[in-house]
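Visitor: sequence? don't have it. structure:
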């Protein structure tokens with residue numbers, strides 16, 4: 001397994017809509033292992049393929065941050081089918097290191113997700129997992145969490161980010 005470089009805010013590859021995963025291959029299996037390793041090394045809950053420069057509808061999530069292998073989730077061509085309730089809380093992003101902002105997200109999210117064998121199944125996440133589902137799927141659609149804020153707030157965040165020497 002390898003820790004891969006994570007693209008940062010401003011890289012145009014983060015703005016692309018991802019292509020669907022077709023056949024599951026050993027290369028994709030290795031990519032997923034590397035993505036989990038990268039997320040863990042960067043102390044993140046999740047990582048989307050576009051964040052490492054791979055334009056695929058693929059993301060990994062581990063809300064246990066490496067503590068419980070059973071909590072590892074691989075999102076393949078995911079689609080949100082239902083959202084319920086609201087939660088407000090801090091959110092960060094490996095592509096915008098050092099920045100955390102309070103953002104409203106659904107409390108509960110239901111997804112349609114493809115398995116590695118090509119079958120489809122439903123995933124349900126609440127609280128942090130619901131937030132992670134939304135955050136990673138946003139990446140797959142070319143959207144960063146800071147885009148939920150208005151232009152003035154986004155400029156303030158961008159200046160704060162640039163002051164960190166990024």
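Guide: Noted; the coordinates are in hand. Keep in mind the model is a prediction, meaning the values are calculated, not measured. Numbering: from 1, shown residues only.

Visitor: Okay, the most centrally placed residue in the chain and residue 101: tell me how far apart.
Guide: The chain has residue 136 as the residue nearest its centroid, 2.4 Å off, counting by Cα atoms, centre = their mean. The gap separating residue 136 from residue 101 is 17 Å, by Cβ to Cβ, to the nearest Å. C-betas here are computed from N, CA, C, even on glycine.

Visitor: hang on, the earlier thing: let me know the helix or strand that the residue nearest to the centre of the chain is in.
Guide: Using DSSP states H and E, residue 136 maps to helix 128-140.

Visitor: returning to that earlier point: excluding its backbone neighbours, what's nearest the residue nearest to the centre of the chain?
Guide: residue 59 (3.9 Å; Cβ to Cβ, 6 or more residues apart in numbering).

Visitor: distance between the helix or strand hosting that neighbour and the chain's centre?
Guide: Using DSSP H and E, residue 59 falls within strand 58-62. Relative to its chain's centre, strand 58-62 lies at 7 Å (Cα atoms, centre = their mean, to the nearest Å).

Visitor: Next: stretch 31-39.
Guide: On Cα atoms, centre = their mean, the centre of stretch 31-39 falls 12 Å from the chain's centre.

Visitor: Kindly report the same for stretch 63-80.
Guide: 10 Å.

Visitor: Can you give me the end-to-end span of that stretch?
Guide: Stretch 63-80 has an end-to-end distance of 19 Å (Cα to Cα, to the nearest Å).

Visitor: List of residues touching that stretch?
Guide: With contacts defined as Cβ atoms under 8 Å, 6 or more residues apart in numbering, stretch 63-80 is touched by 20-21, 24, 32, 36, 40, 43-45, 57-62, 109-116, 123, 128-129, 132-134, 136-137, 140.

Visitor: State the mean pLDDT of that stretch.
Guide: The average pLDDT for stretch 63-80 rounds to 96.

Visitor: So, low pLDDT: which residues of the chain?
Guide: 166 (pLDDT under 70).

Visitor: how much space between the residue lying closest to residue 138 once chain neighbours are set aside and residue 53?
Guide: Closest residue in space to residue 138, ignoring its immediate chain neighbours: residue 145 at 6.6 Å, by Cβ to Cβ, 6+ apart. From residue 145 across to residue 53, the span is 19 Å (Cβ to Cβ).
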